[in-house]
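J.: Got a predicted model here, sequence first, then my questions.
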Amino acid sequence: MRRSLLFAGCAALLLASCSPQTFTMSVEMRQPSKSGIDLSRKSMSIVYMDDGQADTTFSNRVASALARNLEEDYFNGNEAIGVYKIPSDSVTLDLMHNLVMDSGDDVVFLLGNPVFGEPSVAKSVSVKNASSVDSAYVTHVQIPYNVRLYVYDSMDKSDNVKNFRGNSILRVPVYNNGVTAQEYIADQGLKNKDEGAELVGAQIFNRFAPVWKPEGYSLYYYDDFKGEWIDAINYVYNYEWRKAADIWMGMMNVKNDEKKACACYNTAVAFYMLGDLNIATKWLDRADSLYSLTLSPGLRKRIEARKN
């Protein structure tokens, strides 16, 4: 969830009433990525294949870059994704099951061995303020490559391995004196191709980056102007869902079933926002058992859709 809220109704409280009022807010909610895989609230690990060749360093850097990009968007930049290697192997469902068991994570990304094509050498370009004659020119070596990425989500009921394939061209700069043989420059480009691994990892991440979509959510409140209902709304305004839920859960001793149902419904919304769908369902069930609220069916559909 992004920290962007738009209020519609809080500033213009109505006169005191025995009936509940509704407070509507707009929140940008995280949707599944372009890959179709929903990574929200799931633990992840990244594994790359080690074929015993020098390309293993390239794979390690790609995997590490992918991990950092995923951590930035899904874990607020905190280190949360382990990077591991395994010997080269055929990719099967059993292998992915074993990787999930070994890592203990919900989702495993498995990076296959990269395949590089023949390099081509672009035209040399002079470098301004070069530090030496040997670095007076820069020549970009273009190296085509393709790579396969396998993803297994243990929380997906389909229980299958998703296979992604990408190809692009690495552009590796090689500094030289302007008369260096192209064969030597091409060879240096291949040796330095690891420098392009960061970009490859970022390109792979683009397919798994979350998509954000604004959604409207409504809460109930009673306009007592200074009581607990307004305090809870103020916590929501500051994105403190847990504190708001604590207030609503503390209202279970009120004698009015409608008010109690509204507090239960709001608590269900709070736990939905916090990502605890099972607890959200229990509070919504309790609300429905107390009173028939018009907003309840819509929230239930959202909870069930996210569970699936």
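T.: That came through fine.

J.: which one is the residue nearest to the spatial centre of the chain nearest to, not counting chain neighbours?
T.: Of all residues in the chain, the one closest to the mean position by C-alpha atoms, centre = their mean is Tyr74, 3.8 Å from it. Closest residue in space to Tyr74, ignoring its immediate chain neighbours: Leu39 at 5.9 Å, by C-beta to C-beta, 6 or more residues apart in numbering. The way it works is simple: take the backbone N, C-alpha and C, and place the C-beta from them, glycine included.

J.: ok, now which ones touch the residue nearest to the centre of the chain?
T.: Shown here is Tyr74, whose contacts under the criterion C-beta atoms under 8 Å, 6 or more residues apart in numbering are Leu39, Ser40, Met44, Ala80, Pro210.

J.: of those residues, closest to Ile143?
T.: Met44 (28.7 Å; C-beta to C-beta).

J.: Which of the contacts of Tyr74 ranks first by neighbour count?
T.: Neighbours here mean other C-beta atoms under 10 Å. Within the contacts of Tyr74, the largest count is held by Met44, at 23 neighbours.

J.: Please enumerate the strands of the stretch 151-300 of the chain.
T.: Secondary structure of the stretch 151-300 of the chain (DSSP state E, counting those that start in this stretch): strands located at 161-176, 211-221.

J.: Show me what the shortest one packs onto, helices and strands only.
T.: Contact here means 3 or more C-beta pairs under 8 Å, 6 or more residues apart in numbering; DSSP states H and E; on that basis strand 211-221 packs against strand 21-31, helix 228-237, helix 257-274.

J.: Spit out the contact partners of the residue lying closest to Pro114 once chain neighbours are set aside.
T.: If the residues on either side of it in the chain are set aside, Pro114 comes closest to Val147, at 4.6 Å by C-beta to C-beta, 6+ apart. For Val147, the contacting residues are Val62, Leu111, Gly112, Asn113, Pro114, Val115, Arg165, Gly166, Asn167, Val200, Ile204, taking C-beta under 8 Å, 6+ apart as the criterion.

J.: Also Trp241?
T.: With contacts defined as C-beta under 8 Å, 6+ apart, Trp241 is in contact with Tyr235, Ala270, Phe271, Met273, Leu274.

J.: which residue sits closest to it, ignoring its sequence neighbours?
T.: Ala270 (4.5 Å).

J.: separation between that neighbour and Thr22?
T.: Using C-beta to C-beta, to the nearest Å, one gets 16 Å for the distance from Ala270 to Thr22.

J.: Report the angle between the helix ranked longest in the chain and strand 161-176.
T.: Among the elements of the chain assigned as helix by DSSP state H, the one spanning the most residues is helix 55-74. Angle, helix 55-74 to strand 161-176, by axes from the mean of the first three to the mean of the last three C-alpha atoms, to 10 degrees: 110 degrees.

J.: how about the helices in the stretch 51-200 of the chain?
T.: With DSSP state H, counting those that start in this stretch as the criterion, the stretch 51-200 of the chain has helices at 55-74, 93-103, 182-191, 197-206.

J.: Include mean pLDDT and distance to Met155 when you put these into JSON lines, please.
T.: Formatted as JSON lines, these follow (pLDDT from 0 to 100; distance: least, C-beta to C-beta, whole Å):
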{"stretch": "helix 55-74", "mean pLDDT": "93", "distance to Met155": "14"}
{"stretch": "helix 93-103", "mean pLDDT": "96", "distance to Met155": "10"}
{"stretch": "helix 182-191", "mean pLDDT": "93", "distance to Met155": "40"}
{"stretch": "helix 197-206", "mean pLDDT": "92", "distance to Met155": "20"}
